[in-house]
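>>> Sequence and predicted model, in that order:
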Amino acid sequence: MKTMKETKPNTGTPQRESFKHLERFARLIRYSILAATTQAGSGHPTSSLSATDLMTGLLFGGSFHYDVDHPEHPNNDRLIFSKGHASPLFYALWLAAGKVSEKEMLSYRQFGSVFEGHPTPAFPFVEAATGSLGQGLSVGLGMALNAKFLDKLSYRTYVLLGDSEMAEGSQWEAIQIAAHYQLANLIGVLDVNRLGQRGETMYGHDLEAYARRIGAFGWATICIDGHSFPEILEAYQKAMKISDRPVMIIAKTIKGKGVSQLEDKDGWHGKALEENEFKRALEELGDVDKSARGAIPKPEERKADRPTPMEAKPLRYDRSKKVATRAA
């Protein structure tokens, strides 16, 4: 299976001016991540910062379709954070979408708050509880199967994955099944930030190592710079055009991106900034527009193709006799 490498569009790379709104949102999101984790004194800011540009580009770059006023809408695209410890990023995305206030965000990890350390459905935009690594892609697989074969709806399922969790066997089981069923509506986004909890990951920043393995199962793979908005948006557009197999966007990122004290540094996994460190980080971020809010395009208005429930037929075997289970 050939790897689909990132290439420049034929019309030329878009001018930086066209990405200023995404840069503004990303700056707000990074601020919110740092503010919430510093306030809580815990959390995973570096793991959140590495994927900020990838997720900003997804939600506010035009590829993701979601009715923010109706999280239960059946046609909404699904977003699963398999790397659930990056929950500050997940919540900050919805802050930038206008559905979370800064005050609410600052209740992160407090007792009684829906802004938990790992996403759970207590927060209305969470599709499934994640946090035990290696589970999110299987969850997304189930949703993609449902969309294609049961509800027969056009929504896509996006799964944000961490490179550390790619050592989990469950990931490769899900990858194999998704390829078998040709789930083009399943798009993985692999955040290759090189560093895990205990140090460097198995393949570091070797994107091709991931592409070869995932591609061998039958997925389309797209390797990009995870901090380049032109490449990020183009990758999502490419993924949407592939109709015969699932897609994995494999992105080289920097853990702790945006704060020099944290960038690509070991020993910062699951560690929040102190107040003085937070202030220095804000100076690096520059002006943050706390009023910036992004619009997400709405999904199609379609009804699920669901069968009408029927009464179960009565049992057809004599319960007083021994009957093979499969026959019963």
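That came through fine. Numbering: from 1, shown residues only.

>>> First-to-last residue distance for stretch 149-169?
Stretch 149-169 has an end-to-end distance of 26 Å (criterion: CA to CA, to the nearest Å).

>>> roughly how far apart are Met55 and Ser63?
Noted for Met55: a distance of 11 Å to Ser63, by CB to CB, to the nearest Å. In short, each C-beta sits where N, CA and C put it, glycine included.

>>> Correction: the previous question concerned Arg212.
Arg212 is 26 Å from Ser63, by CB to CB.

>>> Looking at these two, which one has more neighbours?
Neighbours around Arg212 and Ser63, counted as other CB atoms under 10 Å, are more numerous at Ser63. The numbers are 21 against 13.

>>> is it true that the more buried one touches Tyr236?
Yes: with contact defined as CB atoms under 8 Å, Ser63 reaches Tyr236; the gap is 4.0 Å.

>>> Just the CA trace of the helix or strand harbouring Asp191, in CSV.
Taking DSSP states H and E as the criterion, Asp191 maps to strand 186-192. Extracted C-alpha coordinates of strand 186-192, given in CSV (Å, rounded to 0.1, in the frame of the first residue of the first chain):
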residue,chain,number,x,y,z
LEU,A,186,-13.4,6.9,9.7
ILE,A,187,-10.5,9.3,9.9
GLY,A,188,-7.7,8.9,12.5
VAL,A,189,-5.5,11.8,13.4
LEU,A,190,-2.2,10.5,14.9
ASP,A,191,-0.4,13.1,17.1
VAL,A,192,3.2,12.1,16.8
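
>>> what lines up beside it in the sheet?
Strand 186-192 has its sheet partners listed here by DSSP bridges as strand 157-162 (parallel), strand 247-252 (parallel).

>>> Check which residues of the next helix-or-strand element following the last one are buried.
It refers to strand 247-252. Following strand 247-252 in sequence order, the next helix or strand is helix 275-285 (DSSP H and E). Neighbour counts over helix 275-285 (16 or more other CB atoms under 10 Å) mark Phe278, Ala281, Leu282 as buried.

>>> what's the answer for stretch 49-67, then?
Buried residues in stretch 49-67 (16+ other CB under 10 Å): 49-61, 63-66.

>>> For Glu300, see how far away His73 is.
10 Å.

>>> So which of the two has more stuff around it?
Taking neighbours as other CB under 10 Å, His73 and Glu300 compare with His73 leading, 17 against 11.

>>> which element is the more buried one on?
Applying DSSP H and E, one finds His73 in no helix or strand.

>>> Surely Thr130 is in contact with Ala86?
No: using CB under 8 Å, Thr130 makes no contact with Ala86, being 9.8 Å away.

>>> Looking at those two, which is more packed in?
Neighbours per residue (other CB under 10 Å) separate Thr130 from Ala86, with Ala86 holding more: 29 against 25.

>>> and that one, that one's in a strand?
No: looking at Ala86 with DSSP: H, G, I helix; E, B strand; the rest coil, it is helix, so not inside a strand.

>>> That one against Ser164, yeah?
No: using CB under 8 Å, Ala86 is not in contact with Ser164, being 11.7 Å away.

>>> And the residue nearest the centre of the chain, how close does it get to Ser87?
Geometric centre of the chain, nearest residue: Leu160, 2.9 Å, by CA atoms, centre = their mean. Counting by CB to CB, the gap from Leu160 to Ser87 is 11 Å.
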